[in-house]
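Trainee: Kindly return the folded structure for what I paste below:
(chains A and B)
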Amino acid sequence: MTARQGVEVAPGPAGPGSAQDDPEVRRGQEDRLREAWKAPPGWRYWSAVNNTEVGLWYTLAAFGFMLFAGVLALLMRAQLAVPENGLLSAGLYNQMFTLHGSVMMFLFAVPIFEAGSILLLPQMLSARDLPFPRLSAYGFWSFVIGGVFVCGSIFFGVAPAGGWFMYPPLTTTVQKDQLGVDVWLLGLSFIEVASIAAAVELIVGVLKCRPPGMRINLIPLYAWYILVVAVMILFAFPPLIAGDLLLELERAFDWPFFDATRGGDPLLWQHLFWIFGHPEVYIVFLPAIGLMAMIVPTFAGRPIVGYSWIVLAAIGTGFLSFGLWVHHMFATGLPNISLGFFSAASEAVALPTGVQIFVFIATLLAGKARFSVPMLFATGSLGVFIFGGLTGVMVALAPFDWQAHDTYFVVGHLHYVLVGGMLFPVTAAAYYYFPFMTGKHLSEAWGKAAFWLMFAGFNLAFLPMHFTGLMGMPRRVYTYPSGLGLDGLNMASTVGAFVFAAGFLVVVGDIFRPKGRQPYARRNPWNAGSLEWLIEMPGEDWGVRSVPIILSRYPLWDQPGFLKNLDEGRFYLPDAEEGKRETLITSILDARPIQCLRVPGPTWLTFWAAVLTGGVFIFSTYHWWTASIVSGVGALATILAWLWTGTALVPEKPEKNVGLDTVLPLYGAGPASVGWWAMFITMTGDLTAFLSLVFGYFFYWTVRADFVPEGAGPAGLPWFALAFAATFAAWGLTFLARRRIGALGPRGFQGTLALAILLALAAGGALILAPLSEGLDPTVHVYPASVWVVVLWTGIHLAVGALMLAYCLARSLAGRLTPEHDIEVWNVALYWHFLLLSVAVACAVLALFPLVD
Amino acid sequence: MIFRDTKATLWTVVAPPSVWALHFLTVYPTAAVICAKSADGIGTARLVVFVATVTALFAILLAGVWGWRHSGGVVTADDPLDDGNRDSRQRFLANATLLLAGLSFVAVLFTGLPGLAFGTCR
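Mentor: Numbers count the residues shown, from 1 in each chain, chains lettered A, B, ... in the order given. Presented below is the predicted three-dimensional model:
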């Protein structure tokens, strides 16, 4: 227990008389720190995993995709400038709007938040790095590979063309043979996995990697938002992954999930898509508001007014955003009472959203606001977002939505929300944080020009769409006839779009113009109070010279002598005696130091793991199954090599002095280790995907009276019972191995694991035999398909569970897994808790539900 | 007494909105299943919505009272709960629980209203 609670935070920095007084000592420490954290030279630079490099690449890549999708938008606007235009064919236009939406959402809006957080969060928390730098690197490479694959498809004329939400039956009948749908499903699934990886990293980062003393009531507001958003990703992305799986199974193997002639229902896709899709809007919006919550206090020159209210708003929005998804489906004929629930929740979510805006206004009023380019974009964003929010309240009312549904009104609404709620704040942040990233300012004059062009161009482009929409112009049409009164408004939108783009081009120009002769900005150039601005200009690779003790929400304003003490290494970890990369792990509520975590350095393994994982998805698109399997085996081998060589490393000594007379362990297992938390978080997401599949089963039961056929059930019952019994036994043995690793001795431990592996495999076999014994053919009807998909999901998880046990067995045989160093078996036992729950639910639903129905 | 002794944690903070989520996950599927399975079952659906709403509101009220007591009543702008000590941290978490209870109360009330408004499933 003592390890989990941590040790007391030291009363203050090392005072006069300590070793840190000696400049010679400090120089030696700095050299060692610099050496430990330096980026690899030459072409090996691309093997870096540190947050400063990966965060930068990630940000630039996301901006690159955004520019690409922006060009697509300009081409569409050019096509719509005049009626009956022939610039683009209908087919190409379909590909363009699909790709525009998909890229903006999946390759820009969500990743830019992950990228920005990887870059900013460690510095806001004075952590030298996030706990899993290699996972971030893996996520980044997956993102780039998947993104290039999806974007590249348009140059071969095979881009997805079904709209960014890929509704069946369009995508399963008319577009059945079009490669684009598979490109979308597989390419983006791959990126969704990367998003979940980022979520794991960021949750553990916010909860466990804060500087000592930064209690939960002192953390930067951006960190609150990131925590909420990362948790939202865990519950929002898995339903989409489940939906992708179902849609791809129908397309590739003819399992009729969305085919009404065989009992399927296309509406299930809409549910799964929008259970993801609506929270997605807030996943995009909240981090941007988090950036505003960092920028506004700086320019108001005072702490935020109503910190608790911002926390209320962030958490409240995070919850409520999951009760809104059906407002995208108001026109699908669901019972009115159902629509009522979602309409009500859609109105309620306006409350926390409004609270945030009032907090910003109050902070600006209470302080002395200074206006600069970041503030210009921030205030512009508020205006645009409020307008989009109000039209949002309009479309949240079902009767209004029935009129506006699928018209340009919705296009106007969503762009006001996303540009006001996300693009403008991100541009504000680009101006605000540019000195943080490069040590130099962007130009005030260029920034102002960019803002006015963007603001004017945006409103000129999107305000008329509300009118064209109300006049009846549908979305997603590649042209329109003249004489309907739409000509002038559409021309205005096109002109506005190009003015807007010109403004953004000024931002791009400002970012990339050579700044060789421009002097470095002074330290803390905006007189901010938050921790990230302790960075030197230009920044050092180590991030923070020493990990500070935090007593305030704005330490740079409130803590006397803070920067001097920090620079002189008078806080924690002022040295890298062993030449290792180290950061502190602290407790969740009070940030008491728990552990000195060694984080891994550069490697190519993550790059190759991403390339090979990408191969699985990309080859599957073309149904090149052999290549896909080879790539999958390669990915598995690479990931195992990465785990074996880079994780759960046994330190050369049990503990070390991290400065300020504080001795911390270098190793921690179970809830004391960050890996255990990562497993817990990952499995929460995984369980959500599984429950989405189970939701599908009950959805079909609800809408189809004939879903469970007569006589289904009894034949499979013994096999399901066997599968559950074997899983339970394997789980028990795994739990025993973890609990009694010392008492069992190495041979007993290994024997227990071996038996558990056999039982896991037996459970998987019995699970497959259950539907076989009932003679269920998944292509005949949606019932057998629903049974099989749950069985396959659980069966694959049992195989992974067996593989994990085998990994522990191998580690034990190699002498790396011992009673003193047992991270692996703790994490695997945790996986098995979730696995037992999944198998229990699967068996109960598949075996027992047909009997009681 | 558990009510008085329970310490504020991140779990207490998310308790009120979790009640909202549970309420939502009760009323929406119940109404959907009843409306799909029987044409004139709206009476049952409305009863479920009513009972679930009253229960949820009571639970949220309880969390709110708890938050009120543990945060020491009204938190003003002069008392921003930003001290680097355990007491301030506890009161901040209790205050956040109270605020979220307020939001969740309104949200549950909103979500329950369709139960009063609709006389048929269509």
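
Trainee: which residues does residue A:561 contact?
Mentor: Residue A:561 makes contact with residue A:13, according to C-beta atoms under 8 Å, 6 or more residues apart in numbering or on different chains. Placement of C-beta: from N, CA and C, glycine included.

Trainee: 10 Å - rerun?
Mentor: With contact taken as C-beta atoms under 10 Å, 6 or more residues apart in numbering or on different chains, residue A:561 is in contact with A:12-13, A:568, A:570.

Trainee: With residue A:760 instead?
Mentor: Neighbours of residue A:760 in contact, by C-beta under 10 Å, 6+ apart: A:726-727, A:729-731, A:733-734, A:797-806, A:832, A:835.

Trainee: pLDDT below threshold where in the chain?
Mentor: If you meant another chain, say so; for now it's chain A. Applying pLDDT under 70 to chain A flags residues A:1-4.

Trainee: actually chain B
Mentor: B:1-4, B:39, B:77-78.

Trainee: Can you name the residue of it nearest chain A?
Mentor: residue B:114 (2.7 Å; C-beta to the nearest C-beta).

Trainee: tell me which element the residue of the stretch 601-750 of chain A found nearest chain B is part of?
Mentor: Nearest residue of the stretch 601-750 of chain A to chain B (C-beta to the nearest C-beta) works out as residue A:702 at 4.9 Å. Assigning secondary structure by DSSP states H and E places residue A:702 in helix A:674-703.

Trainee: Past that helix, which element shows up next along the chain?
Mentor: helix A:717-739.

Trainee: Pull the distance from that following helix to the chain's centre.
Mentor: The chain centre lies 33 Å from the centre of helix A:717-739; the measure is C-alpha atoms, centre = their mean, to the nearest Å.

Trainee: for it, packing partners?
Mentor: helix A:741-773, helix A:782-813, helix A:823-843 (3 or more C-beta pairs under 10 Å, 6 or more residues apart in numbering or on different chains; DSSP states H and E).

Trainee: need the helices for chain B, in chain order.
Mentor: With DSSP state H applied, chain B shows helices at B:2-5, B:10-37, B:42-70, B:86-117, listed in chain order.

Trainee: and the longest one, what other elements does it pack with?
Mentor: Contact here means 3+ C-beta pairs under 10 Å, 6+ apart; on that basis helix B:86-117 packs against helix A:307-320, helix A:336-348, helix A:350-366, helix B:10-37, helix B:42-70.

Trainee: Close to chain B: what parts of the stretch 551-700 of chain A are there?
Mentor: Contact residues (C-beta under 10 Å from any C-beta of the partner chain) of the stretch 551-700 of chain A with chain B: A:551-555, A:558-559, A:588-591, A:695, A:698-699.

Trainee: any chance of these in a markdown table, plus secondary structure and neighbour count?
Mentor: Formatted as a markdown table, those follow (DSSP: H, G, I helix; E, B strand; the rest coil; neighbours: other C-beta atoms under 10 Å in any protein chain shown):
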| residue | secondary structure | neighbour count |
| --- | --- | --- |
| A:551 | coil | 19 |
| A:552 | coil | 18 |
| A:553 | coil | 23 |
| A:554 | coil | 19 |
| A:555 | helix | 25 |
| A:558 | helix | 15 |
| A:559 | coil | 20 |
| A:588 | coil | 18 |
| A:589 | coil | 18 |
| A:590 | coil | 21 |
| A:591 | coil | 29 |
| A:695 | helix | 18 |
| A:698 | helix | 15 |
| A:699 | helix | 21 |
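
Trainee: Of these, which is the nearest to chain B?
Mentor: Nearest to chain B among these, with distances taken as C-beta to the nearest C-beta, is residue A:551, at 3.8 Å.

Trainee: For that closest one, which residues are in contact?
Mentor: Per C-beta under 10 Å, 6+ apart, neighbours of residue A:551: A:9, A:12, A:213-215, A:218, A:558-559, A:562, B:82-85.

Trainee: and with 6 Å instead?
Mentor: A:213, A:559, B:84 (C-beta atoms under 6 Å, 6 or more residues apart in numbering or on different chains).

Trainee: circling back: packed most tightly, which of the helices of chain B would that be?
Mentor: helix B:86-117 (a mean of 22; mean count of other C-beta atoms under 10 Å in any protein chain shown).

Trainee: Residues of chain B that sit close to chain A?
Mentor: B:17, B:21, B:24, B:28, B:31-33, B:35-36, B:81-82, B:84, B:88-89, B:92, B:95-96, B:99-100, B:103, B:107, B:110-111, B:113-114, B:118, B:121 (C-beta under 6 Å from any C-beta of the partner chain).

Trainee: Can you give the contact residues for stretch A:636-650?
Mentor: A:600, A:605, A:608-609, A:612, A:821, A:823-824.

Trainee: rerun that using 7 Å as the cut-off
Mentor: For stretch A:636-650, contacts defined as C-beta atoms under 7 Å, 6 or more residues apart in numbering or on different chains pick out A:134, A:598, A:600, A:603, A:605-606, A:608-609, A:612, A:667, A:675, A:816, A:821, A:823-824.

Trainee: Just the buried ones from the residues you listed?
Mentor: Buried by 16 or more other C-beta atoms under 10 Å in any protein chain shown: A:134, A:598, A:600, A:603, A:605-606, A:608-609, A:612, A:667, A:675, A:821, A:823-824, out of the contacts of stretch A:636-650.

Trainee: Looking at the residues you listed, point me to the pair that's furthest apart.
Mentor: A:612 and A:667 (30.4 Å; C-beta to C-beta).

Trainee: And the nearest residue to the residue of the stretch 601-750 of chain A closest to chain B once chain neighbours are set aside, how close does it get to residue A:531?
Mentor: Nearest non-adjacent residue to residue A:702, counting by C-beta to C-beta, 6 or more residues apart in numbering or on different chains: residue B:36, 4.9 Å away. Distance of residue B:36 to residue A:531, computed by C-beta to C-beta, to the nearest Å: 54 Å.
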